[in-house]
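**Q** Any chance you could fold what I've pasted below:
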Amino acid sequence: MKTLTLLTILAPGVAQAHTGHVGEVAGHDHWVAGAAIGVAIGLSLWAIWKEKGARARSEDEASDQDEAGADAEEQQA
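**A** I've put the predicted structure just below:
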């Protein structure tokens with residue numbers, strides 16, 4: 001049981017690899033996977049940026065409508 005515990009503690013340390021060696025081990029085809037990961041990260045950041053812009057515009061429109069409604073109530077009074 002002690003041996004099993006020791007192996008489970010030490011095993012993850014062996015699995016860690018330096019990313020610079022991926023090209024040497026896997027061949028030159030794997031740069032495509034790295035590029036795909038980069039594109040995925042870029043697209044997700046773009047989507048987040050776009051969503052934040054849409055929220056800001058909708059909040060501005062809502063505040064403009066609230067101000068317009070308050071002005072209309074003041075004119076009626």
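**Q** where exactly do the helices run in this protein?
**A** For the chain, the helices defined by DSSP state H cover 2-15, 22-26, 31-76.
**Q** hey, least reliable of those helices by pLDDT?
**A** Mean pLDDT is lowest for helix 22-26 out of the helices of the chain, coming in at a mean of 59.
**Q** and residue 34, how many residues sit next to it?
**A** Residue neighbour count, defined by other Cβ atoms under 10 Å, stands at 12 for residue 34. Quick note: C-beta positions are derived from backbone N, CA and C, even for glycine.
**Q** Apologies, that question was intended for residue 59.
**A** 10.
**Q** Distance-wise, check it relative to residue 52.
**A** Relative to residue 52, residue 59 is positioned 11 Å away (Cβ to Cβ, to the nearest Å).
**Q** Show me what stretch 51-62 is in contact with.
**A** Stretch 51-62 has contacts (Cβ atoms under 8 Å, 6 or more residues apart in numbering) with no other residue.
**Q** could you dump that stretch to CSV, C-alpha only?
**A** As requested, C-alpha coordinates have been extracted for stretch 51-62 and formatted as CSV (Å, rounded to 0.1, in the frame of the first residue of the first chain):
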residue,chain,number,x,y,z
GLU,A,51,-20.3,41.0,-25.7
LYS,A,52,-19.0,43.6,-23.4
GLY,A,53,-19.5,46.3,-26.1
ALA,A,54,-23.1,45.1,-26.7
ARG,A,55,-23.8,45.3,-23.0
ALA,A,56,-22.4,48.8,-22.7
ARG,A,57,-24.5,50.0,-25.7
SER,A,58,-27.7,48.4,-24.3
GLU,A,59,-27.1,50.0,-20.9
ASP,A,60,-26.5,53.4,-22.5
GLU,A,61,-29.7,53.1,-24.5
ALA,A,62,-31.6,52.1,-21.4
